[in-house]
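Visitor: Okay, here's the prediction I keep looking at, along with the sequence it came from:
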Amino acid sequence: MTEIVQFPELSLYDYSPYDERPKIVWPNGARLAFWVAPNIEFYELDPPINPHRQAWPHPYPPVPGYSIRDYGNRVGHQRQMALLDKYGVRGSISLSAALCEHHPEIIALCAERNWEFFSHGIYNTRYTYGLTEDQEREMIEDAMDTIERTVGQRPAGYLAPALSHSNHTIDLFAEAGGLYTCDLFHDDQPTWVNTRSDKPFVSIPYSLELNDTIAYVVQKREPRRYGESIRLAFDQLYAEGADSGTVMCIPTHNYQVSCPHRLRAFEEALEYITGHSDVWVTTGREIAEYTIAHGRQQLEGNAVVPSA
Amino acid sequence: MSDELLSYPRRHYGMDHDRYRWSMLQDRAPIVWPDNKPLALWINLSVQHFPLSGEKPVVAPPGALTMPYPDLRHYTLRDYGNRVGIFRILTLMQQYQATPSVAISGALALRYPRLMERLAATGYEWLGHGWNMLCMHAGDIEIATESEWIAQTREALEAFTDQPLKGWLSPGRSQTANTPELLMRNGFSYQCDWVNDELPYPFKTDEGDMTCLPSCLELDDVFVLTQNLHSEESFVQQVIDAADLLIEEGQKQGGRLLALNLHPWLVGQPHRVSAVKRLLEALLVERSDAIWHASPGSIVDAAITQID
């Protein structure tokens, strides 16, 4: 019997209860791996129409949406970068690869600081939706090649552009040489991800709940309450990290967190977190490489494959 | 799926349009404001006419009527600003010797000449703010129609003031592809719709360069209070946090700009007006040493000779 399943459940990862896994110990006995993921994005003023998703709610020219995102690059980037410098955090950049061409000055500033660059597609106004598998492969490889050509290192991580995915996204990224995905929000520890090539590939927690755009635009949090949420999340994950290492990520956007009425709340949270001992202040790539080096069994113990 | 989704005709250095040059705020020569103050403060009062109409504009501006005709509820709540709220705000502005600008819907000059006389008597700078809040400069509006809106607005406002109108703020900060050229042809030399910077910058049009004086959406009272649903207390805190951060940056890096946009129909309500008083106290009294409070035209004039 051949049945065409149009919307198959993906077997991305096996099931392993949070409190039944082998203990994770981070380098130097740290309890918590902390990373900050600035999204540095380019939104096009006039992208081609994708029938599956509209880029802008506003007709051309989408001045309100475009101009605030441009603010992120013109004004916000260096403001956030100075703050991360102050607290000794190297950013792990979720990068619209075309920014290498549009704004190489930003890339140079981040490269000087040995920040990580991971792929966030070509533009945040180009979606995975509607692409054939070959087209998606072309887009993924274009982004990785562009970043590698510019900064000299092939990206290890992927956050699909505007969080748009296909069934093949993670397989294609692993086949193109990637090590980790930021697209899965199912856990506070790294997870082994099943891909069709069986290459070692992991999911590194990238918290959508602590993402500044989600906090400010979707949840409409007051800036200081956002800062408080970050501190509460840290307290919980730090406490649990005494039993087995946890991961905490703050994903940011230069057009949100760097606004002058919001940066202070973020600074207070960074000061709080980096003021603790036993915190591994690191990057997405370093967490992924460490996790992969320790192997699947060490990560998930006796995980079970979910039945369909 | 067409190849257009993977074609990138404007993927090159700089912006993906020709309106302005790409540059980062922190990389520019420092701006010096009068008396060497680190922060310029522009306060704008948006004095708006929302017609009682069942007509839906292409894009709804913030505060738009939402109910079936006749939406008396929102129509009168907005009109409250022109009858009551503005006078409360003007009293406070006089008390603190503030010099806000007033961005005025042209249609109000015909409807409420006595309001125009009162606004003219303040000596504050006037900005064109569109004909009314249904005349949205967005989408495929006929160029002749849009040109007429701008010309009518200038004519109606100039009947009540001797000052040459130079500045423009579109309803909802919205523009068509033609708006900048039409503003230039109608004698406006700066516009405030692009929120992509924190200093004035040159903006190219087919009629020659104009200036963009970026207003700030993220700290606009309507955005913070009615869209984010933050408290008045938080709104005040956010503005103060912004001022303090910008003052500090201004001392180290060169003059900064805080653009604060207030709507008398919103903050002129009796339970909100004390928030405006607290803001004026914090900015114009407690931080008077650091803040150069000036009209937008003066800020543009002071900046324009220092920017390239």
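Guide: Received, thanks. Numbers count the residues shown, from 1 in each chain, chains lettered A, B, ... in the order given.

Visitor: roughly how far apart are residue A:69 and chain B?
Guide: Using C-beta to the nearest C-beta, to the nearest Å, residue A:69 is found at 8 Å from chain B. No exception for glycine: its C-beta is placed from N, CA and C like everyone else's.

Visitor: Show me how far whichever strand or helix holds that residue is from its chain's centre.
Guide: Under the criterion of DSSP states H and E, residue A:69 resides in helix A:63-71. Mean-position distance between helix A:63-71 and its chain equals 22 Å (C-alpha atoms, centre = their mean, to the nearest Å).

Visitor: Next SSE downstream of that helix?
Guide: Assigned by DSSP H and E, the successor of helix A:63-71 is helix A:77-86.

Visitor: got a list of contacts for that following helix?
Guide: A:36, A:38, A:40, A:90-91, A:106, A:109-110, A:113, A:252, A:254, A:257-258, A:263, A:266-267, A:270, B:24-27, B:249 (C-beta atoms under 8 Å, 6 or more residues apart in numbering or on different chains).

Visitor: one more time with 6 Å, if that's ok
Guide: Identification of contacts with helix A:77-86 by C-beta atoms under 6 Å, 6 or more residues apart in numbering or on different chains yields A:91, A:106, A:254, A:258, A:267, B:24, B:26.

Visitor: Stretch B:182-199 too?
Guide: In contact with stretch B:182-199 (C-beta under 6 Å, 6+ apart) are residues A:63, A:67-68, A:70-71, A:74-75, B:25, B:146-147, B:150-151, B:154, B:166-170, B:173, B:175, B:205, B:207, B:210-215, B:217, B:256-257, B:300.

Visitor: now swap in stretch A:181-200 and tell me
Guide: Looking at what lies outside stretch A:181-200 - C-beta under 6 Å, 6+ apart - the contacts are A:11-13, A:157-160, A:170-171, A:174-175, A:201-206, A:208, A:246, A:291-292, A:296, A:299-300.

Visitor: Using neighbour counts, trim those to the buried set.
Guide: Among those, those classed as buried by neighbour count (16 or more other C-beta atoms under 10 Å in any protein chain shown) are A:12-13, A:157-160, A:170-171, A:174-175, A:201-206, A:208, A:246, A:291-292, A:299-300.

Visitor: Apart from its neighbours in sequence, what residue is nearest residue A:111?
Guide: residue A:151 (5.3 Å; C-beta to C-beta, 6 or more residues apart in numbering or on different chains).

Visitor: Which ChimeraX command selects the buried ones in the contacts of stretch B:182-199?
Guide: Remark: buried members of the contacts of stretch B:182-199, expressed as a ChimeraX selection using 16+ other C-beta under 10 Å:
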select /A:63,67,68,70,71,74,75 /B:25,146,147,150,151,154,166,167,168,169,170,173,175,205,210,211,212,213,214,215,217,256,257,300
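
Visitor: And for residue A:55, the neighbour number?
Guide: 22 (other C-beta atoms under 10 Å in any protein chain shown).

Visitor: thinking again about what came up before, tilt between the helix holding residue A:69 and helix A:77-86?
Guide: 40 degrees (axes from the mean of the first three to the mean of the last three C-alpha atoms, to 10 degrees).

Visitor: among the buried ones among the contacts of stretch A:181-200, which are in helices?
Guide: In this view, the buried ones among the contacts of stretch A:181-200 that belong to helices under DSSP state H are A:170, A:171, A:174, A:175, A:291, A:292, A:299, A:300.

Visitor: JSON lines for those, including distance to chain B and pLDDT?
Guide: Converted to JSON lines, these look like this (distance: C-beta to the nearest C-beta, whole Å; pLDDT from 0 to 100):
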{"residue": "A:170", "distance to chain B": "20", "pLDDT": "97"}
{"residue": "A:171", "distance to chain B": "19", "pLDDT": "98"}
{"residue": "A:174", "distance to chain B": "21", "pLDDT": "98"}
{"residue": "A:175", "distance to chain B": "18", "pLDDT": "98"}
{"residue": "A:291", "distance to chain B": "33", "pLDDT": "97"}
{"residue": "A:292", "distance to chain B": "31", "pLDDT": "96"}
{"residue": "A:299", "distance to chain B": "36", "pLDDT": "84"}
{"residue": "A:300", "distance to chain B": "37", "pLDDT": "81"}
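
Visitor: Good, wrapping up.
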